[in-house]
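>>> Sequence below, structure please.
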Amino acid sequence: MKKESVLKALESLKKESKERKFKQSVDLIVSLKDLDFKKTDHQVDFFITLHYSTGKKIKVCALIGAELKAEADKVFDNVILESDFSKYDKKKTKKLAKQFDFFVAQANIMAKVASAFGRYLGVRGKMPNPKAGCVVPPRGANLKALYDKLQKTMKISAKKLPLIMLRVGTEEMPAEQVADNILFIYDQLIHHLPNEKHNVKDVYLKLTMSKPVRLDK
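Numbering: from 1, shown residues only. Have a look, this model is predicted:
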């Protein structure tokens, strides 16, 4: 995929889109082919950290012990102490899973995190994941750096359907930044496919309220 074609598609979307009363997101849609999801090596499931934010505020909740409370309170959008885990019933945990994009857990209490929240975070793919840096030691972790990283981190997943839809920016962001995000995601994606770009059927870009524009692969 060439940067010039991405920039051209972004320009076309902006020109043809009607002015809205809200800031539209730029969405990337990738249709896949020739994959057998019964085979684990055909399933797509990984994290990447973009060079630029997608323009969405990423909300992060920390599930920690008392050791990290002072620093966590300064950094995260919500902090739940180990001593309060028992207060979260089915209803509250489901609500929590909807409210936050990422959950960070303290490594030495992961078993308690899994017991208290695993059922409802797991089904949404939001259990604290070490691959995203979301499992931290009780001492010595740079929580502010992790929080900043998560603002540009996304999970790319296709385990049941051959389709990936991702927010990659907003219509108000510089086109160069949005194009960088798109190209980086596409490059990382094809390297996680068994036959790389030969498993990509079609690639589209669209704004929230626009028709999709097809990209050359």
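>>> number of nearby residues for Gln106?
Counted with other C-beta atoms under 10 Å, residues neighbouring Gln106 total 25. In short, each C-beta sits where N, CA and C put it, glycine included.
>>> same question, Gly122
12.
>>> Distance-wise, check it relative to Phe22.
33 Å (C-beta to C-beta, to the nearest Å).
>>> cool, Met110 as well?
In terms of C-beta to C-beta, Met110 sits 39 Å off from Phe22.
>>> the more surrounded of the two?
Per other C-beta under 10 Å, whichever of Met110 and Phe22 has more neighbours is Met110, with 16 against 7.
>>> partner residues bridging the residue most central in space within the chain?
The residue lying closest to the centre of the chain (C-alpha atoms, centre = their mean) is Met154, at 2.3 Å. Under DSSP bridges, the beta-bridge partners of Met154 are Ile48.
>>> Just confirm it contacts Phe46, I think it does.
No: Met154 is beyond contact range of Phe46, at 9.8 Å (criterion: C-beta atoms under 8 Å).
>>> Could you point out the longest helix of the protein?
helix 175-190 (DSSP state H).
>>> Can I get it in CSV, CA atoms only?
What follows is helix 175-190, C-alpha atoms only, in CSV (Å, rounded to 0.1, in the frame of the first residue of the first chain):
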residue,chain,number,x,y,z
ALA,A,175,-3.8,13.8,6.9
GLU,A,176,-0.1,12.8,7.2
GLN,A,177,-0.7,11.5,10.8
VAL,A,178,-3.8,9.5,9.8
ALA,A,179,-2.0,8.0,6.8
ASP,A,180,0.9,7.0,9.0
ASN,A,181,-1.5,5.2,11.4
ILE,A,182,-3.1,3.4,8.4
LEU,A,183,0.1,2.3,6.8
PHE,A,184,1.6,1.2,10.1
ILE,A,185,-1.6,-0.9,11.0
TYR,A,186,-1.7,-2.5,7.5
ASP,A,187,2.0,-3.4,7.6
GLN,A,188,1.7,-5.0,11.0
LEU,A,189,-1.5,-6.8,10.1
ILE,A,190,-0.1,-8.5,7.0
